[in-house]
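Colleague: Have a look at this prediction, sequence included:
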Amino acid sequence: MPEASDRAAPARAARTHGEARPRVLVFAFACDPHRGSEPGAGAAIAKAAALVGDVTVLTRAEPGRDPAVDIPAACGVTRAVAIPSRAWEARLPVHVRYAAWCVRAAAWRRAHRTGSDYQVLHHATYASDWFLNPLMLLRKAPGEQWVAGPGGGATYPSVAIARAAAGGGVATLASELVRRWSTRASRRLMAARLRRRVDHALALNPDSRAELSRLGFPRVSVTSNAVIDYAALPLREDHRPGSAPRVLFMGRGTRWKGLPLLLRAAAHLPPDTVIDIAGPGTDASAYRDAAAALTHLRTPVTFHGSLPRDRALALLAATDALAFGSLHDSAPWAAAEAAALGVPVVCLDLGGVAMMAGEAARVVSTADADSLPRRFAEALVAAAAEDPSDRPRPTREFTLGALAETLGAAYMGAPVASPGIVRLRREG
């Protein structure tokens, strides 16, 4: 195997729960302080871990780029090691590349086991509660503390709801059934290997906590991997009386993210509603054709496509309601950003959207599939029409310090405080 690249930076001095800083090895296949989504989550975990321990991050090298150069300085970790891959692997699906990385990461760990070794092994990304991870391929040494997560993936909507929200007919049905069978089977295999060895499993939402507890993990806590840069968020634009209500969809264009549900719900929205749609893959011809059929709307649906982050946040700050009808998002950061701006988040009672939005969540029940588009539209109308005095209070709980406190407790074997139960406003 080619030599892995390695960079070092001074570790921060800190104490955690009255104990000396632990030596921590963080497995983070995706870790990039300059990117969002999964790589951003890996970087957030690395930063938080560095506040409570002396951290080595084990990540992946990418063609033409070595993230280990940037991670120590950007995340404050002691060391970063990038495991290289073969050039031809770039053509493989990402989950296949991740599985190959897990094998190499476990091999690196075995080759670098020493007398003054890591006290904590933490698998951080991919943030999945069901897929292969490097801990499954290792033997636990006496005195090691193993932490896994935060991970998600255990949300399973009914087939009727999947078809109502995602459309797609037989293709959606087949996709959802395959996902349900494959992830449950993989999660059982993972649990059989790890439930007696992982000291603390971190779940991204209550669905994953319930599933991991059912499979025998002795300690499971709910926590997010989000660290929101609240200072970088724009100011919320006030809705002027008499102006048209604005609704925003912001996310990837995959069907299960909820864009088909919004376009179906739009048939029930008032004619003066203004709809903005932004995100990679959202301007596909199928979505544009569905929007063109909404002839009752006075203003055509605007498709922005992929946007730079500052423009996406400006759209979010200008909207009256964020339409987030995702079927199984585990812990979306966009919902927390909307909550920080005081923007209502209309979502389903599935996954972790409502948990991330907190008091800004306007939750639509999935008890009845046939009426879901109409009820989703009614919730959007109600959210967009809220009086300014009744809008959600901006919340700012997803900070680096909060995540560091969670990880510090998990690393020391202490109880982890799960996110508080907040008031979730439901339809009706």
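Modeller: Thanks, I have it.
Colleague: Can you list the low-confidence ranges for the chain?
Modeller: When residues are selected by pLDDT under 70, those of the chain lie in 1-19, 115-116, 239-242, 417-428.
Colleague: That one: helices as residue ranges?
Modeller: Per DSSP state H, the chain has helices spanning 37-52, 71-75, 94-111, 159-166, 170-194, 206-214, 259-265, 285-292, 309-318, 333-341, 353-357, 372-384, 400-411. These are given in chain order.
Colleague: okay if I get those as CSV plus mean neighbour count and distance to R246?
Modeller: (C-beta placed from N, C-alpha, C; glycine too.) Converted to CSV, the helices of the chain look like this (neighbours: other Cβ atoms under 10 Å; distance: least, Cβ to Cβ, whole Å):
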stretch, mean neighbour count, distance to R246
helix 37-52, 24, 25
helix 71-75, 21, 36
helix 94-111, 16, 35
helix 159-166, 21, 22
helix 170-194, 15, 29
helix 206-214, 20, 31
helix 259-265, 26, 13
helix 285-292, 14, 15
helix 309-318, 16, 7
helix 333-341, 25, 13
helix 353-357, 29, 18
helix 372-384, 22, 7
helix 400-411, 21, 31
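Colleague: Of all those, which one is nearest V220?
Modeller: Closest to V220 of the helices of the chain, according to Cβ to Cβ: helix 206-214, at 4.7 Å.
Colleague: looking at it, F27 is touching L137, isn't it?
Modeller: No. Look at F27 against L137 with Cβ atoms under 8 Å: they stay out of range, at 10.6 Å.
Colleague: Tell me which of those two has more neighbours.
Modeller: It is F27, of F27 and L137, that has more neighbours when counted by other Cβ atoms under 10 Å, with 28 against 16.
Colleague: The more buried one pairs with what?
Modeller: Under DSSP bridges, the beta-bridge partners of F27 are L58, H123.
Colleague: residues touching it, list them.
Modeller: Contacts here follow Cβ atoms under 8 Å, 6 or more residues apart in numbering; on that basis F27 touches L58, A105, L121, H122, H123, A124, T125, N133, P134, L135.
Colleague: Could you rerun that using 7 Å?
Modeller: Under the criterion of Cβ atoms under 7 Å, 6 or more residues apart in numbering, the contact list for F27 reads L58, A105, H122, H123, A124, N133, P134.
Colleague: By neighbours, which of those wins?
Modeller: Within those, A124 tops the neighbour count with 31 neighbours, counted by other Cβ under 10 Å.
Colleague: how close does that one sit to E89?
Modeller: Taking Cβ to Cβ, to the nearest Å as the criterion, A124 is separated from E89 by 22 Å.
Colleague: same check, this time on R298
Modeller: R298 sits at a distance of 51 Å from E89 (criterion: Cβ to Cβ).
Colleague: Then G305?
Modeller: G305 sits 29 Å away from E89 when distances are taken as Cβ to Cβ.
Colleague: do the same with L137
Modeller: Going from L137 to E89 by Cβ to Cβ gives 18 Å.
Colleague: ok, now A317?
Modeller: In this view, A317 and E89 are 40 Å apart by Cβ to Cβ.
Colleague: what's the answer for R196, then?
Modeller: Using Cβ to Cβ, one obtains 33 Å as the distance from R196 to E89.
Colleague: again with Y230
Modeller: The separation that Y230 has from E89, given Cβ to Cβ, amounts to 38 Å.
Colleague: In terms of neighbours, single out the busier of these two.
Modeller: Here Y230 and E89 are compared on neighbour count by other Cβ under 10 Å; more neighbours surround Y230, at 16 against 13.
Colleague: is it true that the more buried one touches P394?
Modeller: No. At 8.9 Å, Y230 and P394 do not qualify as touching, with contact defined as Cβ atoms under 7 Å.
Colleague: So for those two, which residues contact both of them?
Modeller: Between them, Y230 and P394 share the contacting residues A340, judged by Cβ under 7 Å, 6+ apart.
Colleague: List the buried residues in stretch 349-366.
Modeller: Neighbour-count burial for stretch 349-366, counted by 16 or more other Cβ atoms under 10 Å, picks out 349-364, 366.
Colleague: How far off centre is that stretch?
Modeller: On the basis of Cα atoms, centre = their mean, to the nearest Å, the separation between the geometric centre of stretch 349-366 and that of its chain is 14 Å.
Colleague: what's around the closest residue to I277 other than its chain neighbours, how many residues?
Modeller: With sequence-adjacent residues excluded and distances taken as Cβ to Cβ, 6 or more residues apart in numbering, I277 is closest to F249, at 4.8 Å. Other residues within reach of F249, judged by other Cβ under 10 Å, total 26.
Colleague: what's the spacing between F249 and G325?
Modeller: Between F249 and G325 the computed distance is 8 Å (Cβ to Cβ).
Colleague: what sits in contact with each of the two?
Modeller: L262.
Colleague: was I right about A331 contacting V227?
Modeller: No. The criterion here is Cβ under 7 Å, and A331 misses it with V227 at 11.8 Å.
Colleague: Compare the two and say which is more crowded by neighbours.
Modeller: In this view A331 and V227 are compared by other Cβ under 10 Å, and A331 has more residues nearby, 27 against 22.
Colleague: Can you tell me how far the more buried one is from A162?
Modeller: The spacing between A331 and A162, counted by Cβ to Cβ, is 20 Å.
Colleague: and what of R393?
Modeller: For R393, the distance to A162 (Cβ to Cβ) stands at 33 Å.
Colleague: just L194 next, same as before
Modeller: The span separating L194 from A162 equals 29 Å under the rule Cβ to Cβ.
Colleague: same deal with V363?
Modeller: When V363 is compared with A162 (using Cβ to Cβ), they lie 18 Å apart.
Colleague: now do F217
Modeller: Taking Cβ to Cβ, one finds F217 at 27 Å from A162.
Colleague: go on, A290?
Modeller: Separation of A290 from A162 (Cβ to Cβ) stands at 18 Å.
Colleague: same question, R179
Modeller: With Cβ to Cβ as the criterion, R179 and A162 are 9 Å apart.
Colleague: same thing with R298?
Modeller: Using Cβ to Cβ, R298 is found at 32 Å from A162.
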